[in-house]
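kindly generate the corresponding structure for this input.
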Amino acid sequence: MESMQLEPEPRILIESLRDIGYSFNSALADIVDNSITANARNISILAIPSDDFRIAIIDDGEGLGRDELMHAMRLGSTDPRCKRNLNDLGRFGLGLKTASFSQCRRLTVVSKKNGEVNAFTWDLDLVASENKWTVLEQKRTDAIPFIGEMRETGTLVLWEKLDRLTGVNGSGKANYDRIISEAQDYLSLVFHRYLAGERGLKRIKINVNNRTLDPIDPFNVSNQATQPSPVENVCPGVTMQAFTLPHRSNYASDAEYEKFALPGGYLKNQGVFLYRAKRLILHGTWFGIAKKTALTQLCRVKIDIDVNQDEAWKIDVKKVSAQLPEEVRASIKQLIAHIGAPSKRVYRRRGARLTRPEVYPAWNAIKTGDKTLYCINRKNPILDSFNSSLDDDQRAAFKTVLSLVESSFPTESLFYELSNNEGSVCFEEMEDDDFSNAVLTFFGSLKQMGKDEDDILSIMRSVDLFVRRWNEVLSILGIEER
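Residues are numbered from 1 along each chain as shown. Okay, here's the model as predicted:
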């Protein structure tokens, strides 16, 4: 057997590395990771819209000497199998390069250490034209943009030729205000524990265009109505803690309530928030174990893993995805079973606990003079829960759909059928899965409104949809009736 060396084509591989799945926000976060690992306390991101759009990420960390910087510019500069310091947010030795290449065609890194300034540049157009792994050393650093913003020690990462935002030769039109605003919110969430100076972490400050970011705590622990569970040690290197967020009535304003909903709303963002070395990796997932329902929409689970858990959790190079190990899956299942159903107990049916039960019909009949107007009840818990999970554009579209259904009600056809053959009029039963979701959503929505479980069951016994299949309702809720 004869061994052979097959060197990759630089011009092909470098372009392929640009498309491994970074978003603008995740790419920025990867650069911030390096700054935190370098013990930076202040990180500035400058992204000033202009004809020649550039982005600079500047920190006051320990900095790198010439040889260290040259090594850091190498693709795959760190072995992911090596044991890392517990505060090391890197893994593959690729993040600086692949995150940058995903956004720009020219990457310059300047670093100050021990009074020396060194700088190297990757220019992808040069790599493509020469078909060689050519990196440029910058001898005249004083002309590098934003270098005047650096402190005595630290590093400047400069992105130029941002073709993924501006198009080739700056031909595209990007909404810079939106891009920068979304990046601010993203970083405020991903690094919220560092921005808050959580116990055991050095507090950092991140500025984006001179605006200091405030942490966005997805668990809202500062609100006294938040219900935390005890911290559970799942296995070595992994801890878990569940939080039930406050009901809407416990917020000072609608704006505050929406802030902690996070983009997409409470229904979308329920589930696991996975942290690696206190840095958010992913959030809003049950890892396929359970569906997202209104009953669990206020539940968020914080899972902390250390940097030695990367292989078990299959953390990817972008640090935005992971897989749930089997030993943790059982704990999550048990947690969901606990929070995803009412208390397992006997419900003793009573005659009329509620003097005027609210039945929350799907349709309202409204008398206006000598006419009766039929309209869909937007306050029905199932419709209201779904509507609350939508963003503004989706909510407007849903409103249009409801209006279409209302205005297209087949009044004449229904009246004719009822007059001639009442027994022929029927409605299709819900599929079992849809019915189960309806039961859990209805029950969960009313429970989050603060209603007692017995009162909710009394209400549900007055709803035609549920009465016809009452035994199924009790089975879905895990309740025995006597």
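
how many residues are close by residue 289?
16 (other Cβ atoms under 10 Å). Every residue, glycine included, has its C-beta placed from N, CA and C.

who's in contact with it?
Residues in contact with residue 289 (Cβ atoms under 8 Å, 6 or more residues apart in numbering) are 324, 329, 332-333, 336.

so the protein: which segments form each domain?
10-212, 227-339, 347-481 (automatic domain parsing).

re earlier: mind putting the contacts of residue 289 into a markdown table with pLDDT, neighbour count and distance to residue 97?
Converted to a markdown table, the contacts of residue 289 look like this (pLDDT from 0 to 100; neighbours: other Cβ atoms under 10 Å; distance: Cβ to Cβ, whole Å):
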| residue | pLDDT | neighbour count | distance to residue 97 |
| --- | --- | --- | --- |
| 324 | 89 | 20 | 29 |
| 329 | 87 | 14 | 34 |
| 332 | 83 | 21 | 35 |
| 333 | 82 | 14 | 39 |
| 336 | 74 | 19 | 39 |
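
could you confirm residue 112 falls within a helix?
No - under the criterion used here (DSSP: H, G, I helix; E, B strand; the rest coil), residue 112 is strand, not part of a helix.

and for it, the neighbour number?
24.

pLDDT at it, what is it?
Looking at residue 112, its pLDDT stands at 96.

okay, and the helix or strand of the chain with the least pLDDT?
Least confident helix or strand of the chain, by mean pLDDT, DSSP states H and E, is strand 346-347 with a mean of 46.

quick check: next helix or strand after it?
Using DSSP states H and E, the next helix or strand after strand 346-347 towards the C-terminus is strand 363-368.

packing partners for that following strand?
strand 371-376 (3 or more Cβ pairs under 8 Å, 6 or more residues apart in numbering; DSSP states H and E).

ok, residues contacting the strand it packs on?
362-367, 383, 402, 405-406, 409.

now the two most distant members of the residues you listed.
367 and 383 (22.1 Å; Cβ to Cβ).

so between the two, which is more surrounded?
The residue with more neighbours, out of residue 367 and residue 383, is residue 383; 18 against 8, by other Cβ under 10 Å.

quick one on the thing from earlier: could you export the domains of the chain as CSV, including distance to residue 4?
Formatted as CSV, the domains of the chain follow (distance: least, Cβ to Cβ, whole Å):
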stretch, distance to residue 4
domain 10-212, 18
domain 227-339, 28
domain 347-481, 54
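
quick check: which of these is nearest to residue 1?
Closest approach to residue 1 among those (Cβ to Cβ): domain 10-212, 26.3 Å.

first to last residue in the closest one, what's the distance?
Using Cα to Cα, to the nearest Å, the end-to-end distance of domain 10-212 comes to 40 Å.

now stretch 444-454
End-to-end distance of stretch 444-454: 13 Å, with Cα to Cα as the criterion.

check stretch 125-138 too.
End-to-end for stretch 125-138, by Cα to Cα: 17 Å.

distance check, the most centrally placed residue in the chain against residue 310.
Central residue of the chain (Cα atoms, centre = their mean): residue 283, 4.6 Å from the mean position. Using Cβ to Cβ, to the nearest Å, we find residue 283 at a distance of 18 Å from residue 310.

coming back round to it: among the domains of the chain, which comes closest to residue 3?
domain 10-212 (20.9 Å).

and that closest one, how far from the chain's centre?
22 Å (Cα atoms, centre = their mean, to the nearest Å).

equivalent analysis for stretch 295-302, please.
That offset, for stretch 295-302, works out to 13 Å (Cα atoms, centre = their mean).

any idea how far the closest residue to residue 235 other than its chain neighbours is from residue 26?
Spatial nearest neighbour of residue 235, chain neighbours left out: residue 327 (5.3 Å); criterion: Cβ to Cβ, 6 or more residues apart in numbering. Remark: distance between residue 327 and residue 26 (Cβ to Cβ) = 28 Å.

more crowded one of these two?
Using other Cβ under 10 Å, the more surrounded residue of residue 327 and residue 26 is residue 26, with 17 against 11.

that one looks like it's in a helix, true?
Yes - judged by three-state DSSP, residue 26 forms part of a helix.

i'd like the first residue to be 622 from this point on
Sure, I'll start numbering at 622, so the last one becomes residue 647.

residue contacts, it?
Contacts for residue 647 (Cβ under 8 Å, 6+ apart) come out as 720, 939-941.

now the residues you listed: which count as buried?
Buried positions within the contacts of residue 647, assessed by neighbour count (16 or more other Cβ atoms under 10 Å), are 720, 939-941.

can you list these in JSON lines and add pLDDT?
Output for these, formatted as JSON lines (pLDDT from 0 to 100):
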{"residue": "720", "pLDDT": "93"}
{"residue": "939", "pLDDT": "76"}
{"residue": "940", "pLDDT": "78"}
{"residue": "941", "pLDDT": "81"}
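
which of those fall within helices?
Among the buried ones among the contacts of residue 647, the members falling in helices (DSSP state H) are residue 720.

and of the buried ones among the contacts of residue 647, the nearest to residue 757?
Looking at the buried ones among the contacts of residue 647 and their distance to residue 757, the nearest is residue 720, at 19.5 Å (Cβ to Cβ).

surely the closest one meets residue 655?
No - counting by Cβ atoms under 8 Å, residue 720 sits too far from residue 655 to count as a contact (9.2 Å).

what segments of the stretch 622-771 of the chain are strands?
Listed from the start of the chain, the stretch 622-771 of the chain has strands (DSSP state E, counting those that start in this stretch) covering 663-667, 676-680, 727-734, 737-744, 756-758.

could you dump those to JSON lines with distance to residue 634?
Converted to JSON lines, the strands of the stretch 622-771 of the chain look like this (distance: least, Cβ to Cβ, whole Å):
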{"stretch": "strand 663-667", "distance to residue 634": "29"}
{"stretch": "strand 676-680", "distance to residue 634": "24"}
{"stretch": "strand 727-734", "distance to residue 634": "16"}
{"stretch": "strand 737-744", "distance to residue 634": "13"}
{"stretch": "strand 756-758", "distance to residue 634": "15"}
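
please name whichever of the ones you listed is nearest to residue 894.
Of all the strands of the stretch 622-771 of the chain, strand 663-667 sits nearest to residue 894, with 22.2 Å by Cβ to Cβ.

adjacent strands (with direction) for that closest one?
Strand 663-667 has the following sheet partners, assigned by DSSP bridges: strand 676-680 (antiparallel), strand 826-829 (parallel).

separation between residue 718 and residue 626?
Relative to residue 626, and taking Cβ to Cβ, residue 718 is found at 23 Å.

hmm, I was thinking of residue 778
For residue 778, the distance to residue 626 equals 33 Å [Cβ to Cβ].

cool, residue 747 as well?
To residue 626, residue 747 is 24 Å away according to Cβ to Cβ.

cool, residue 771 as well?
41 Å.

just the helices in the stretch 822-971 of the chain please.
For the stretch 822-971 of the chain, the helices defined by DSSP state H, counting those that start in this stretch occupy 875-882, 887-890, 931-934, 947-960.
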